[in-house]
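In: With the sequence up front, the predicted model follows.
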Amino acid sequence: MAVSDVLQGTKGTPKLRTWGKPKTLKLLFILIVTCVAVNIIMQYEYVMTISITRTRESIMNNLLKGYIPGPYTKVEPEQMNRKNASAGVLVYEHDEKGFQNEQLKLKNASAGVLVYEQKGFQNGDNNTLEIDDKTIAIGGAITTRKVKELTAKFMASRLPLFIRLLPSFCKTASKGFSYHFYLAYDYDDPYLTLPNSPSMFIKIFNAAVVKLCPSGVPVRLHLVRCSHSGKPAWAQTDAMWEAYLDNMPFFYRVNDDSVLLTEGWSEVFTETLSKYTPPYVGVVGPTHIGGNLKILTYDFTHKTHQDIFGIYYPRLFTDVCADDWITSVYGPNRTTKLEDIKLKHTRERGTRYKVHFGVRRKLQATIASNKKLLNRYIEYRNSTHPTKNPKRQKIISMSLYSNDTASLIGAVRNAQLTPVIFPGWTARFYIQKTFGILNHDAIPQNVIRKLQLLGAQILYVDNQATEFLPELLPYLVSDDSTVERFIVRNVTFRLTDREFTTVEEWTKSKRTFHCIRDHPSHKAPIIPDLIGGVNSGIKTFFSGSWFAYLGQDFLKNLWENYMDHFYCHDSFTCESQPQSFPFVTPREGDTFIGQTYDGYHQPFDDKYVATLRKARKVPDCLKRKIKGSDMYTDIC
């Protein structure tokens, strides 16, 4: 050590100079920070090790489909306006709060799984939607395209909605009715996608209503943000779907630049719809100035319209031809243009979207297909419905655990179809009740409410009491003593008449289990979500809860041990699979039982349709033995 670097302390002990003290403190600080960081990393690795271990255990327990749960984030209601993924939209509403759903009944405790049946809604808030038979949803698309330098200050003087539609509505609205505007806009709208713009738009709308509309006429605005752009018919459909989920009884589709010219349209439209046979199955509309005078360019319908078709306008129509479709699908006997009710289409902003005329080539085929749905619904309405025995239920059991469009709209569609296609049966949806941590997507309350209004049962499963995959929850139906017979289905399927015929034939066979193989890819003996059972028979095979036996290769073991008790309808593998029987009704086009659909009722993957078209027909799978003889008849 150099002499110049030390001072002599007492008794000649060398001592560091004081100018090195700040540097020493800096080094000490770095050392402390490093130690803390290392400690945090070690704790994180420990936690992750435990998490990975638990994850591996859960993966080992994924016994049916190899499903690996993904990360989900719980969002409290007060943290969002309202996200309704059923239409891929954000819905902004003025002063609407949700329903509380706590009237629950414990069921199926024998299975070691807590299941709650939702009996109804408690309305703890007087500010919820008030809906009666004189409530009308006015739906349409809006855009701020081609409006230069739009600001909140000049909105009321520049947008067609405030210049044309709203003033004319206020002049023609009727006391005794309440009105809800459902206006849909594109995700890339120049103004409405800006921060705080929707709330500002609502304030301006409400101010205009106070100024223009007579007192005593309730008017409410719902803004719907679409996930697409430049497709007005899609936007109109999204708006009407939100109104449908809110259980609006009547729907009036107009444009934002329309001018309503006649008072009393509310009474005339609703009364005219009620006079159809069956009531409300049809469409009415005004006599309009401008546009194609041979069709209803503007339409007024009942919620029955979406009960029948599952959507307001088919997804084929992005802009034009939707009005052609709704006029033609109901035909002259169920389409009424009222001469005394007039409307003017100003078109003062011109065409604000790209027109796709190519869809006209598919218009007639779409009309023909949808007329079958209409006729099937009318047949149902005119028929005598079987009486349901609450102690001997027939259940279509499904799990609803995802809020993606295909699942939510699929659930609603199957609830719509159940009474029409499966008379005497009831749709049931198992939903994970979010006590504490949310393991799966939250299901929007308006969807749950609509399912119940359509006659479906909602059963909640306590997510803290079970680690079973949500795909397995429909099998809980086998532990319900009030259920006589059930089938398990996926919400993305669609119930069909052909499927009902197969189930009825299985019922007559008196066998305990049913399975369906209706596509070349259906090669396994039992296809998940295409199985049925009789609870009394199941209890003779399994002691205690059937759910307790759900483990690795459950369906495979079920087949190997009990195949003699199966009745399977098979289209392609009847030569190799035992207990196989041909279908009693022919296939409709390129459809098959177990086909998955997207949120707009289109086949999810065209490759399955292509495979079906190319598949070789198996003669033995297309024949039915004639009763009392050794003869067979072709049914293809």
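Out: In hand now; what should we look at? In this text, all values refer to a predicted model and were calculated from it rather than measured experimentally.
In: okay, CA-based contacts and neighbour counts for the rest of this
Out: Will do.
In: Just the element for Pro586, please.
Out: Taking DSSP states H and E as the definition, Pro586 sits outside all helices and strands.
In: Lys371 too?
Out: Lys371 belongs to helix 360-381, assigned by DSSP H and E.
In: Neighbouring strands - and their directions - for the next helix or strand after that helix?
Out: The element immediately downstream of helix 360-381 (helix or strand, assigned by DSSP H and E) is strand 393-399. With DSSP bridges as the test, strand 393-399 is paired with strand 426-433 (parallel), strand 483-488 (parallel).
In: and His470, how many neighbours does it have?
Out: Wrong residue type there; residue 470 is Pro, not His. Here the neighbour count serves as a burial measure; for Pro470 (other CA atoms under 10 Å) it reads 22.
In: Now do it against Asn463, distance only.
Out: Taking CA to CA, to the nearest Å as the measure, Pro470 and Asn463 are separated by 10 Å.
In: what touches both of those two?
Out: Each of Gln432 lies in contact with both Pro470 and Asn463 under the rule CA atoms under 8 Å, 6 or more residues apart in numbering.
In: Any stretches of the chain with poor pLDDT?
Out: For the chain, the stretches flagged by pLDDT under 70 are 1-29, 33-130, 347-358, 434-440, 465-466, 551-552, 623-636.
In: which residue is nearest the centroid of it?
Out: For the chain, Leu408 is the residue whose C-alpha lies nearest the centre (CA atoms, centre = their mean; 1.8 Å).
In: Ala137 falls within a strand, correct?
Out: Yes - residue assignment for Ala137, taken from DSSP: H, G, I helix; E, B strand; the rest coil, places it within a strand.
In: Test my guess that it contacts Phe251.
Out: Yes - counting by CA atoms under 8 Å, Ala137 does reach Phe251; the two are 4.8 Å apart.
In: Could you check which of those two is surrounded by more residues?
Out: A side-by-side neighbour count of Ala137 and Phe251, using other CA under 10 Å, places Ala137 first with 30 against 26.
In: List the beta-bridge partners for that one.
Out: Using DSSP bridges, the bridge partners assigned to Ala137 are His180, Phe251.
In: Then the one 4 residues further on?
Out: Partner residues in beta bridges with Ala141: Ala184, with DSSP bridges as the criterion.
In: That one: neighbour count?
Out: If you count neighbours by other CA under 10 Å, Ala141 ends up with 25.
In: how much space between it and Asp598?
Out: Counting by CA to CA, the gap from Ala141 to Asp598 is 23 Å.
In: How far does stretch 239-250 sit from its chain's centre?
Out: Its chain's C-alpha centre lies 13 Å from the corresponding centre of stretch 239-250 when counted by CA atoms, centre = their mean, to the nearest Å.
In: Need the residues that contact it.
Out: Stretch 239-250 has contacts (CA under 8 Å, 6+ apart) with 87, 131-137, 139-141, 182-184, 224, 251, 270, 300-303, 306, 311-312, 446-447, 449-450.
In: Throw the strands paired with strand 393-399 into CSV and include mean neighbour count and distance to Leu530, thanks.
Out: Supplementary listing: the strands paired with strand 393-399 in CSV, determined by neighbours: other CA atoms under 10 Å; distance: least, CA to CA, whole Å:
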stretch, mean neighbour count, distance to Leu530
strand 426-433, 25, 15
strand 483-488, 22, 6
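In: export those strands to CSV and tack on distance to Gly264?
Out: Compiled in CSV, those are given as follows (distance: least, CA to CA, whole Å):
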stretch, distance to Gly264
strand 426-433, 40
strand 483-488, 49
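In: I'd like to know which of these is closest to Asn389.
Out: Of all the strands paired with strand 393-399, strand 483-488 sits nearest to Asn389, with 9.5 Å by CA to CA.
In: what's the closest one in contact with?
Out: 391-398, 474-475, 477-478, 529-536.
In: Same question for stretch 411-422.
Out: Outside stretch 411-422, the residues that touch it by CA under 8 Å, 6+ apart are 307-308, 310, 376-377, 380, 400, 425-427, 447, 450-451, 454-456, 491-497, 500.
In: Just the buried residues of those residues.
Out: Buried members of the contacts of stretch 411-422, scored by 16 or more other CA atoms under 10 Å, are 307-308, 310, 377, 400, 425-427, 447, 450-451, 454, 456, 491-496.
In: Inside strands: which ones of those residues?
Out: Here DSSP state E is the test, and those give Thr426, Ala427 as lying in strands.
In: Thr193 - nearest residue in space that isn't next to it in sequence?
Out: With CA to CA, 6 or more residues apart in numbering as the measure, Tyr187 is the residue that lies nearest to Thr193, at 6.6 Å, once sequence neighbours are left out.
In: Next one: that neighbour from Arg517, what distance?
Out: Applying CA to CA, one obtains 41 Å for the distance of Tyr187 from Arg517.
In: quick one: contacts for Ser399?
Out: Contact criterion CA under 8 Å, 6+ apart gives Phe429, Tyr430, Ile431, Pro470, Glu471, Leu472, Leu473, Pro474, Asn490, Val491 as the residues in contact with Ser399.
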